[in-house]
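A.B. asks: Below: sequence and its predicted model.
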Amino acid sequence: MSVQRLIGIFVVFVVATFGWVVLGGSIEARTHQADGSGWENVGSLWGEPQTQSAPVFSAGGSQIPIASSAITADFDLDQRRKGLLWYSTYAVDFTAAYGVRNAAAEPAEVTMRLPFPTASGVYDGFAVTVDGASIPVRYSEGEAIATFPVPAGATARVETGYRTQGLDEWRYVATDGVGVIDDFSLVMRTDFEGFDFPSDGVSPTSKQATDDGWELTWRYDSLVSGRPIAIAMPAPLNPGPVASRISFFAPVSLIFYFAAMVLVTAIRRVNIHPINFAFLAAGFFAFHLLFAYLVDRMDLLVAFAISSVVSVVLCVSYLRLAVSDRRTLLEAAVGQFVFLVLFSFSFFFEGNTGLAITIGAILTLAYFMFRTAHIDWAELFERSATERAEKRAAAAYAQQQAVLAQAPPAPPVDTTGS
């Protein structure tokens, strides 16, 4: 492998890298464009992230603390896909029972103001009952207002609830700012796994697996906190971000593959021109280009499988015509599967991609270290230089013979002396 050919291969790598950067940028642009319109469409059809605040009870212009809270929230996950992104939509059945104590020595008219998560939301089956009796409710500026009497020294049980739809997260805010929460209980039931808790939220005091999902419980006798109770819905792997990351990291897989091919062809004395490397790089690029435009039309894994098969078949078929050595062809096919397919597949495991790439690089290094440990590199390159010199001399001799063959014959020599 001459220095000129190595420079040619490097130029091919640089050009391919530029193509992948452009492709990755176009995928990101499509993803952001889809996210803007998709979020708006899904939000208008299904709802927005929900934050339910505790109601405020007051009497005679003074706020009354909530004596007890018993809340349940049952979630049904229904993920939706729009273009290159998934959206974690859900339905929530919210019910709550609050204890409101009138500590005064005389009866009081208590007013409850319950803010809805969003003013434009749809809340099915909403009602308010006090000690089992339904009371009238009026609505103003995104909140429900109900007034009811509470006898002196008595505690009224106020129940309410609704069913609505949301997106990505659900939160419950028990206090406005830092406050005391007495006799508090909130139970979330899910029909899914893989949920998370936002960093600004409070972790549950207990968790229990169920047949369908999980039952999460927050239970406190007396708690001072200003943090919400929140859950984040699980989200499938988003096709757009995965495709863009694979495209941006494609040069890493190509440089591994090119290094492997250079070593293999040098060891096995197979001559591959930089133009051959250019076609191989194009075969790699075909995988990413096809994958980028299949992921928004079919399942992510199906798109990946189709793109992998097309690229591998394309490159292996080309090398079969360009390279006569079968072992070199086999090692090239295995190298493409490892450096293109397995390398790209590591991006399906979020959080472990770097580790997977590192392990793959170390294993590749180990393979070629043991594969080439017994090679005399000085002798190999000296022999290559000698062979190139012999080929140049043979080519020059052949060219000289061709020139001589095309020259006109010399005139006959007169030997008679006349």
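C.D. replies: Arrived safely, thanks for sending. No experiment lies behind these values; they were computed from the predicted model shown. Residues are numbered from 1 along each chain as shown.

A.B. asks: all helices for the stretch 151-300 of the chain, in order.
C.D. replies: 239-248, 250-267, 274-294, 300-322 (DSSP state H, counting those that start in this stretch).

A.B. asks: Any buried residues in the very next helix or strand once past the longest one, and which?
C.D. replies: If you walk from helix 300-322 toward the C-terminus, the next helix or strand you reach (DSSP states H and E) is helix 326-336. Using 16 or more other CB atoms under 10 Å as the burial criterion, the residues of helix 326-336 that qualify are Thr328, Leu329, Glu331, Ala332, Ala333, Gly335, Gln336. Glycine gets a C-beta too; all of them are placed from N, C-alpha and C.

A.B. asks: ok, now stretch 118-126?
C.D. replies: Neighbour counts over stretch 118-126 (16+ other CB under 10 Å) mark Thr118, Phe126 as buried.

A.B. asks: ok, so of the buried residues of helix 326-336, who is nearest Arg113?
C.D. replies: Within the buried residues of helix 326-336, the smallest distance to Arg113 is 65.4 Å, found for Gln336 (CB to CB).

A.B. asks: Tell me which residues touch that closest one, please.
C.D. replies: Tyr257, Gly283, Phe284, Ser311, Val312, Cys315, Val316 (CB atoms under 8 Å, 6 or more residues apart in numbering).

A.B. asks: My read is that the third one contacts Val312, right?
C.D. replies: No - under the criterion of CB atoms under 8 Å, Phe284 makes no contact with Val312, lying 10.0 Å away.

A.B. asks: Quickly list what's touching both of those two.
C.D. replies: Overlap of the contact sets of Phe284 and Val312 (by CB under 8 Å, 6+ apart) consists of Gln336, Leu340.

A.B. asks: These two - which one has more neighbours?
C.D. replies: Phe284 (25 against 17; other CB atoms under 10 Å).

A.B. asks: Check which helices and strands the longest helix anywhere in the chain is in contact with.
C.D. replies: Determined from DSSP state H, the single longest helix within the chain is helix 3-46. Contacts defined by 3 or more CB pairs under 8 Å, 6 or more residues apart in numbering; DSSP states H and E place helix 3-46 against strand 80-82, strand 85-87, strand 155-167, helix 239-248, helix 250-267, helix 274-294.

A.B. asks: For Asp191, grab phi and psi.
C.D. replies: Reported as degrees, to the nearest 10, the phi and psi values for Asp191 are phi -110, psi 30.

A.B. asks: mind listing what the residue lying closest to it once chain neighbours are set aside touches?
C.D. replies: Spatial nearest neighbour of Asp191, chain neighbours left out: Asp212 (4.3 Å); criterion: CB to CB, 6 or more residues apart in numbering. Shown in contact with Asp212 (CB under 8 Å, 6+ apart): Thr190, Asp191, Phe192.

A.B. asks: Counting neighbours, what do you get for the second one?
C.D. replies: Burial measure for Asp191: 16 neighbouring residues, criterion other CB under 10 Å.

A.B. asks: Dump the helices and strands packed on helix 3-46 to CSV, plus distance to Val56.
C.D. replies: Shown next, in CSV, are the helices and strands packed on helix 3-46 (distance: least, CB to CB, whole Å):
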stretch, distance to Val56
strand 80-82, 34
strand 85-87, 32
strand 155-167, 12
helix 239-248, 41
helix 250-267, 56
helix 274-294, 51
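
A.B. asks: what's the angle from the longest helix of the chain to helix 239-248?
C.D. replies: Counting by axes from the mean of the first three to the mean of the last three CA atoms, to 10 degrees, helix 3-46 lies at 170 degrees to helix 239-248.

A.B. asks: Could you list the low-confidence segments of the stretch 301-418 of the chain?
C.D. replies: For the stretch 301-418 of the chain, the stretches flagged by pLDDT under 70 are 376-393, 395, 397, 401, 403-404, 407-418.

A.B. asks: ugh, typo on my part, it should be the chain
C.D. replies: The chain contains residues with pLDDT under 70 at 1-2, 34-45, 177-179, 376-393, 395, 397, 401, 403-404, 407-418.

A.B. asks: per-domain residue ranges of it.
C.D. replies: By the assignment in automatic domain parsing, the chain contains the domains 3-33+238-373, 48-232.

A.B. asks: Need those in CSV (columns: distance to Ala394).
C.D. replies: Below are the domains of the chain laid out as CSV (distance: least, CB to CB, whole Å):
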stretch, distance to Ala394
domain 3-33+238-373, 15
domain 48-232, 57
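
A.B. asks: circling back: which one of the buried residues of helix 326-336 is nearest to Arg268?
C.D. replies: Lowest distance from Arg268 to those (CB to CB) belongs to Thr328, with 5.2 Å.

A.B. asks: so Leu85 touches Gly240, yeah?
C.D. replies: Yes - using CB under 8 Å, Leu85 is in contact with Gly240, at 5.8 Å.

A.B. asks: From Gly360, how far out is Ala366?
C.D. replies: From Ala366 across to Gly360, the span is 11 Å (CB to CB, to the nearest Å).

A.B. asks: between those two, who's got more neighbours?
C.D. replies: Between Ala366 and Gly360, counting by other CB under 10 Å, Gly360 is the more crowded of the two (17 against 10).

A.B. asks: List the contacts of the more buried one.
C.D. replies: Phe256, Val338, Phe339, Leu342, Phe343, Ser346.

A.B. asks: Select only the buried ones of the residues you listed in ChimeraX?
C.D. replies: To isolate the buried subset of the contacts of Gly360 in ChimeraX, counting by 16+ other CB under 10 Å, use the following:
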select :256,338,339,343,346
